[in-house]
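> got a predicted model here, sequence first, then my questions.
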Amino acid sequence: MGKIVLFAGVDPLATGESDYPWHPLSVLTVGTALRAAGHMPVIIDCQIEPDWRTKLAEEAKDALYVGVSCMTGPSIGNVLDAIGTVREHAPGVPVVWGGYHASLAYRGILRERWVDVVVLGPGEAAAVALAELAEREGGLTDPASLAAIPNLAYRDGRREISLRGAVADRILETPYGALADMSTVPPLDYTLIPVTAYYTDRVRDLSYLTSWGCPHPCGFCSEPKTSLRRWKGLPPKRVVDEVEALWKTYAPDQISLMDPNFSTNTQRVIGIVEEMERRGLCIQLRANMRAKDIVNLAGHIDLERLRKVGFSAIFVGCESGSDRMLKLMTKNATVQHTIDGCRMLSAARIVQLTSWIHDLPQETDEDSDLTFGLVRDLAQLPYNEQKHHFFTPFPATDMYEALFGASEDDGRSQRDWARSDTYSGSAIWSGRPDFRRRVLGRLLELREQHPGVLVRSLPRLMEV
Ligand code: SF4
């Protein structure tokens, strides 16, 4: 069984998304599946390995293939850099790109010929099948062999007319496999990474996943396109078994549940709380929940019980204070859900880490006034924190397609996507500079009035 090198390009420290590094769950899930199948995955993470280029150049030389992964935005630059390193030092080794960005922008990636194969959506089974293929055939070049593996996109050596009318490499996709049965998914193998190297002097945070996908249709979000609005979660007992083991093994200060939407199944959340109560556990946990789910959850369980077992902070994607905008972005929730959800968390002494998007397409000054009225009100709640972003369209999302047409097959380069960020603006979508300047002015006022509430750097205007 051979070696597969997995490069993690996501760097939340560089983008301002976080002030501590995140464990690279996207490559850890793939590495776990590869090791369970008998292969030898080697994970290289640019967040914690300053000399990652040297290590990658060396490790790639005898690899079956190199897998790379990132989000849309600046982390693409890390991945392009990694691909260049592999091409220079291990030119015969195939390169495979997976993760959120590649799953949506695969046509552009393949037509720019950055990599040999793209893995679409959940990549564990495809990664194992690619390792077996590379071992058997000495490469990943045979279209007939690739066609038998689900969740792939690749060039088949032929040409076609692209949606823009240009002659281009033909791209084929294989059927999109279902999310795995959770009872068959092995626990994440944290021995593949130096877990404590991600701890900082300020916080020892451990990232962990309890579910995959999301059933909701938010038009700005990549998740509905990569999960096809399907969701699967680990059962409560297994979640608590694994959380307890991680807590004892790695002694973090907190565990961040990085699920796209931890609260999708109310009964599962209640089951996790009850299992922790039964074991007498209090483990500091952070998770994502929709405001509407919080309101629903509070109808079934006292949120104080969540805090008592350790739920200390909940990330709530609020986006806007205008119901008109929430409807336009198909959020399937209302401003009242945001108000009620935040108040309920506040009453239970749980931090609400709320997230907001400004300069949305079609957002008027009146919509923006509603948002600022709401964020000022919420800022007065105990335990309220806020992150503010400028709208950036992500590839192949509903809002991208509403702005630019039916497909990402539009000549966008990966260098353009690398300059596309909700903090610093977008080479794809500049937004309205005057609108953004007004937003920044109001955020500065908010920061003066409530210094502890804005927990990340303010979004910036795009530097042209
Ligand atoms: S924003 Fe959250 S709730 Fe909406 S689709 Fe994305 S992950 Fe799901």
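Great, that's in hand.

> which stretches of the stretch 101-250 of the chain form strands?
Under the criterion DSSP state E, counting those that start in this stretch, the stretch 101-250 of the chain contains strands at 117-119, 152-161, 167-173, 205-208, 211-213, 231-233.

> want to throw those into a markdown table with mean neighbour count and distance to the ligand?
C-beta coordinates here come from the backbone N, C-alpha and C atoms, glycine included. As requested, those are exported to a markdown table (neighbours: other C-beta atoms under 10 Å; distance: least, C-beta to the nearest ligand atom, whole Å):
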| stretch | mean neighbour count | distance to the ligand |
| --- | --- | --- |
| strand 117-119 | 27 | 20 |
| strand 152-161 | 16 | 22 |
| strand 167-173 | 16 | 22 |
| strand 205-208 | 21 | 16 |
| strand 211-213 | 22 | 9 |
| strand 231-233 | 19 | 9 |
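
> what number of residues lie near the closest residue in space to M40 that isn't next to it in sequence?
Excluding its sequence neighbours, the residue lying closest to M40 (C-beta to C-beta, 6 or more residues apart in numbering) is K3, at 4.6 Å. Neighbour count for K3, taken as other C-beta atoms under 10 Å: 18.

> hmm, K3 is touching G38, no?
No - between K3 and G38 there is no contact under C-beta atoms under 8 Å: 11.8 Å.

> which parts of the stretch 351-464 of the chain are helices?
365-379, 398-404, 414-418, 433-449 (DSSP state H, counting those that start in this stretch).

> and if you look at the stretch 51-200 of the chain?
52-59, 75-89, 100-104, 106-111, 124-137, 143-146.

> nearest to the ligand, out of those?
helix 100-104 (10.9 Å; C-beta to the nearest ligand atom).

> touching the closest one from outside, list them.
26, 69-73, 75-76, 109, 118-121, 222, 225-226, 394-397, 408, 417 (C-beta atoms under 8 Å, 6 or more residues apart in numbering).

> repeat that for stretch 380-388.
Contacts of stretch 380-388 (C-beta under 8 Å, 6+ apart): 313, 342-343, 345-346, 349-356, 358, 375, 378-379, 439, 443, 446, 450, 452-456, 458-459.

> drop anything exposed from those.
313, 342-343, 345-346, 350-356, 358, 375, 378-379, 439, 443, 446, 450, 453-454, 456, 458-459 (16 or more other C-beta atoms under 10 Å).

> for L461, give me the pLDDT.
On pLDDT, L461 comes in at 65.

> interface residues of the stretch 201-350 of the chain facing the ligand?
Selection of the stretch 201-350 of the chain residues close to the ligand by C-beta under 6 Å from any ligand atom yields 214, 216, 218, 221, 223-224, 260-261, 290, 317.

> pull the distance from stretch 181-190 to the chain's centre.
Centroid displacement of stretch 181-190 relative to its chain, using C-alpha atoms, centre = their mean, to the nearest Å, is 19 Å.

> again with stretch 431-448
Averaging C-alpha positions (C-alpha atoms, centre = their mean) puts stretch 431-448 26 Å from its chain's average.

> output it as PDB, nothing but the C-alphas.
The C-alpha trace of stretch 431-448 is given here as PDB (Å, rounded to 0.1, in the frame of the first residue of the first chain):
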ATOM      1  CA  GLY A 431     -19.800  45.500  -4.800                       C
ATOM      2  CA  ARG A 432     -20.700  49.100  -4.400                       C
ATOM      3  CA  PRO A 433     -17.700  51.100  -2.900                       C
ATOM      4  CA  ASP A 434     -19.800  53.900  -1.600                       C
ATOM      5  CA  PHE A 435     -22.200  51.500   0.100                       C
ATOM      6  CA  ARG A 436     -19.300  49.700   1.600                       C
ATOM      7  CA  ARG A 437     -17.700  52.900   2.900                       C
ATOM      8  CA  ARG A 438     -21.000  53.800   4.600                       C
ATOM      9  CA  VAL A 439     -21.100  50.300   6.200                       C
ATOM     10  CA  LEU A 440     -17.500  50.600   7.400                       C
ATOM     11  CA  GLY A 441     -18.300  54.000   9.000                       C
ATOM     12  CA  ARG A 442     -21.200  52.500  10.900                       C
ATOM     13  CA  LEU A 443     -19.200  49.500  12.000                       C
ATOM     14  CA  LEU A 444     -16.500  51.900  13.300                       C
ATOM     15  CA  GLU A 445     -19.200  53.700  15.300                       C
ATOM     16  CA  LEU A 446     -20.500  50.400  16.600                       C
ATOM     17  CA  ARG A 447     -17.000  49.400  17.700                       C
ATOM     18  CA  GLU A 448     -16.600  52.600  19.600                       C
END
